[in-house]
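*Asks:* Kindly generate the corresponding structure for this input.
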Amino acid sequence: MNYPSSLKNLIDCFKKLPGVGEKTAERFSLSVLGFDEKLIESFSDSIKDVKYKIKRCSICNNLTESDVCDICRDENRDSSVICVVEEAKNSILFEKMGAYKGKYHILNGLISPLDGVGPEDINIDKLIDRIDSEGVSEVILALKPSIEGETTSLYISKVLSGKGVKVTKIAHGIPMGADIEYIDMLTLEMALSDRKEISDNN
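*Replies:* Predicted coordinates:
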C-alpha cells in the first residue's frame, strides 16, 4: 500500500534534510500525524520564521533576526579580538563553551581551488575591513584542520601581515580532517586557550 499523497509529500520533504533517509523520514512524518493543531501551527510557523526572518549580520555575517547580531551589539565583549570560523554553527559551539569573550567573523566557506572556491568567494574582504576600522589586535583562526582550512588560514595570515595584528590559530589537539562541530567542549576549550601565533615560518 502506498502512502496518501499528502503524507508522501511530507516524507519527501523530510528526506531533503541532511542525514535523513527513507525510514527516518517516514517516522518523522507519521509522528506529525500525532501532533495536535496548536503544535502543528507552531511547527509550521517556526519553519516559516527561519526562512523569512533569519538573515546575516551586517558586521560579522552571523545568523540574526536584526541587521546586527546580539554579539556584535554587546559592549561587554572584547572588540579587539575576532575569532574567525567557517560557519555560524561553529560560533554557537564556542558560545556554548562559555570561555570566549571576543567577537566573531563567519567566512561562510573555505578556500578550495578544486571546488572552484577562491578567496573572493568567502567573507574575507569584510574581515579585512573590520581589521582596518575596529582596532582589532588579534585574529584567532578557528578553522577545521583540513587542507581547505589550512589553505584559508595561510591566506588570511598573509593578507593580514603588515597590519599590526597578531594572527593565531587554535591548537591541534583536534584531529586532522575533523569538523569543529563534532569536537567535545574540553578539547575545544584547550585548543582555544593553547592557540599558536601564525608566522611565515609556520
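*Asks:* max-length helix in the protein?
*Replies:* Identified as the longest helix of the chain according to DSSP state H is helix 37-53.
*Asks:* what comes into contact with that helix?
*Replies:* Contacts to helix 37-53, defined as CB atoms under 8 Å, 6 or more residues apart in numbering, come from residues 32, 35, 65. Using the backbone N, CA and C atoms, a C-beta is placed for each residue, glycine as well.
*Asks:* Tabulate those residues (JSON lines), appending distance to residue 90 and secondary structure.
*Replies:* Below are those laid out as JSON lines (distance: CB to CB, whole Å; DSSP: H, G, I helix; E, B strand; the rest coil):
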{"residue": "32", "distance to residue 90": "31", "secondary structure": "helix"}
{"residue": "35", "distance to residue 90": "32", "secondary structure": "coil"}
{"residue": "65", "distance to residue 90": "20", "secondary structure": "coil"}
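*Asks:* Check the average confidence over the helix or strand just after the longest helix of the chain, would you?
*Replies:* Following helix 37-53 in sequence order, the next helix or strand is strand 55-56 (DSSP states H and E). For strand 55-56, mean pLDDT rounds to 95.
*Asks:* Same check on stretch 129-147?
*Replies:* On average, stretch 129-147 scores 90.
*Asks:* With stretch 103-116 instead?
*Replies:* Summarised as a single mean, pLDDT over stretch 103-116 is 93.
*Asks:* follow-up on the earlier one: mind listing what's buried in the longest helix of the chain?
*Replies:* The neighbour-count check on helix 37-53 (16 or more other CB atoms under 10 Å) flags nothing as buried.
*Asks:* Make TSV out of the contacts of helix 37-53 and add neighbour count and pLDDT.
*Replies:* What follows is those, written out as TSV (neighbours: other CB atoms under 10 Å; pLDDT from 0 to 100):
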residue	neighbour count	pLDDT
32	13	94
35	12	93
65	11	95
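*Asks:* Residue 130: helix or strand, and which one exactly?
*Replies:* Assessed by DSSP H and E, residue 130 sits inside helix 124-133.
*Asks:* Packing partners of that helix?
*Replies:* Here helix 124-133 is seen to pack against strand 78-85, strand 102-106, helix 147-160 when contacts are counted using 3 or more CB pairs under 8 Å, 6 or more residues apart in numbering; DSSP states H and E.
*Asks:* Give me the below-cutoff pLDDT ranges for this protein.
*Replies:* For the chain, the stretches flagged by pLDDT under 70 are 1, 171-180, 182-191, 193-196, 198-202.
*Asks:* If we use 90, what do you get?
*Replies:* Scanning the chain for pLDDT under 90 picks out the ranges 1-3, 93-94, 96-99, 113-115, 132-135, 144-147, 150, 161-164, 169-202.
*Asks:* about what we covered before: next one: the helix holding residue 130 to chain centre, how far?
*Replies:* Its chain's average C-alpha position is 18 Å from that of helix 124-133, according to CA atoms, centre = their mean, to the nearest Å.
*Asks:* any idea of the angle that helix forms with helix 147-160?
*Replies:* Going by axes from the mean of the first three to the mean of the last three CA atoms, to 10 degrees, helix 124-133 is angled at 40 degrees with respect to helix 147-160.
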